[in-house]
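Enquirer: Below: sequence and its predicted model.
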Amino acid sequence: MSSDEIIDNVFDSYLSGPKIFANRDALRIDYIPERLPHREEHLKVVAGVLAPFLRGQRGSNLFVYGQTGTGKTAVVRFVLDRLQSRSEEVGSMARTCYVNCRLVGTQYRVLASLGQALGVDVPFTGLATTEVLSRFKESLSSRRILLIVALDEIDALVKEYGDALLYQLTRLNESLNYGRVSIIGISNDLRFKERLDPRVLSSLSEEEVVFKPYTALEIIDILRERAAVAFQKGVLENSALALCSAEAAKEHGDARRALDLLRVAGEVVEREGSKQVKDIHVVMAQKSIETDRVSTVLRSMPLHSKLVLCGAYILSAVGDKGMVTGDIYEVYQELCVQSKTESLTQRRVSGLINELEVLGLLNTRLVSLGRYGRTKRINLGIPAESIRQVYSDDSWISPLLNYTPLSLRRGSH
DNA sequence: CGTCCACAGGAATGACGGGCGG
DNA sequence: CCGCCCGTCATTCCTGTGGACG
């Protein structure tokens, strides 16, 4: 069979197979649905805070807090959309602007996107931040605009750059003759408030909404709404849907996780050419999401992290469980010799081990062995097999997978 | 009961690379 | 295009520490 034929076969079987999705996008996280089940109260609060804008008055600033996948972004964007269109109907000067701080990146670019929302021309670069700010002010003031700024993942911005920009924005109204600004800050890290100047904090959280995680039952309702749009009729089994929500509920009620799971399950079914999404597909989806995650980090890690992990892999295979930092460092150094790489210091490797732990690739526990020192006991956080699998087609690492450490060469110890 | 092991992990400093402003 | 600045990664040097051993 020629390559062309192979490809055509795949395409054909895809096209001729049963159709699973009606509108796959409805399961994506940036999709704004028609209804937001179990967020009626929050919608009311947010809409209430913003309502004064339609009468040309400034509403309060608002701080929205909640863990990932609790509907913060969806609720805020939903209300902003409605407000924008109502505002145009009644001819108010209220405008809205939504910015994801983490995606946009820097203070400058956040400010630039605010400017663009007003139609101000801001070059990608070249202007001082204060210059952008004053153009922004000028535009607000001259056109008497009431602007609602939603800053999503605001914690990322503050973590990187401090609260200087927020300070400017919260104080903007004092120096404006006409036009007003309100801020909606969205964060999933409550501790980030501690980093704020008290003046900024009190101004930002004039009003506050906390989004609690969804319960498993609530997630079922959400999935049902989305699934009705996303899937063809009769394709999705109820129990599969319930399983998705149960799994997501385990993870602090993360609706985003549930939607991902459901989408991937649908894709699994599509690929294998079956007609229905069943429990088994959800389980497969879960595995596939996890292995995807693991194999991307494993592949994208810097070389020395790979070598350290590889050392841990070798030691764990030897079975001599109870490896500690020193053991890994020793093997790591040998691996460096093998691959003709300069080795890093123990201090650094100790840091790398901590990073690997954060990624969930290693489990570590601080232990004291008394007379024999104080160190970290380390285990693999993922199956050894997945490490072997991913690294066996890495030309740098694969020759090292079967290396035998010197300490074991003569069979002693 | 004090020692002292084998590290943990903080602070200061240096090398490097990439983007920004002029 | 160049110099400057800033962030990241790494090194060096350091102080801290739980508990078995003597």
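Expert: Yes, it's here.

Enquirer: Report how many residues lie close to the closest residue to DNA strand C within chain A.
Expert: Nearest to DNA strand C in chain A, going by C-beta to the nearest atom of the strand, is A:Gly370, at a distance of 1.8 Å. C-beta here means a position set from N, CA and C on the backbone, and glycine is covered the same way. Number of residues near A:Gly370 (other C-beta atoms under 10 Å) recorded here: 7.

Enquirer: Just the buried residues of the host helix or strand of A:Gln116, please?
Expert: According to DSSP states H and E, A:Gln116 maps onto helix A:107-117. By 16 or more other C-beta atoms under 10 Å, the buried positions in helix A:107-117 come out as A:Gln107, A:Tyr108, A:Arg109, A:Val110, A:Leu111, A:Ala112, A:Ser113, A:Leu114, A:Gly115, A:Ala117.

Enquirer: Tell me the one of those nearest A:Leu50?
Expert: Closest approach to A:Leu50 among the buried residues of helix A:107-117 (C-beta to C-beta): A:Ala117, at 15.7 Å.

Enquirer: if we can go back for a sec, helices or strands up against the helix or strand following the helix holding A:Gln116?
Expert: Counting by DSSP H and E, the next helix or strand C-terminal to helix A:107-117 is helix A:129-143. Packing partners of helix A:129-143 (3 or more C-beta pairs under 8 Å, 6 or more residues apart in numbering; DSSP states H and E): helix A:107-117.

Enquirer: and the helix it packs on, how far from the chain's centre?
Expert: The chain centroid and the centroid of helix A:107-117 are separated by 22 Å under C-alpha atoms, centre = their mean, to the nearest Å.

Enquirer: On the three-state scheme, A:Thr375 is what?
Expert: Secondary structure state of A:Thr375, per DSSP: H, G, I helix; E, B strand; the rest coil, is strand.

Enquirer: Residues of chain A that sit close to DNA strand C?
Expert: Taking C-beta under 7 Å from any atom of the strand as the measure of proximity, chain A contacts DNA strand C at A:302, A:304, A:342-345, A:347-348, A:351-352, A:368-374.

Enquirer: Identify all contacting residues around whichever strand or helix holds A:Asp12.
Expert: Assigned by DSSP H and E, A:Asp12 falls within helix A:3-16. By C-beta atoms under 8 Å, 6 or more residues apart in numbering, the list of residues contacting helix A:3-16 from outside reads A:Met1, A:Glu270, A:Gly273.

Enquirer: Just the closest of those to A:Phe63, please.
Expert: Minimum distance to A:Phe63 across the contacts of helix A:3-16 is 41.3 Å, recorded for A:Glu270 (C-beta to C-beta).

Enquirer: per-residue confidence at the closest one?
Expert: A:Glu270 carries a pLDDT value of 84.

Enquirer: Go ahead and report the secondary structure state at the spatially most central residue of chain A.
Expert: Centroid-nearest residue in chain A: A:Thr68, 7.8 Å away (criterion: C-alpha atoms, centre = their mean). Three-state call for A:Thr68 (three-state DSSP): coil.

Enquirer: Please consider this matter closed, and thank you.
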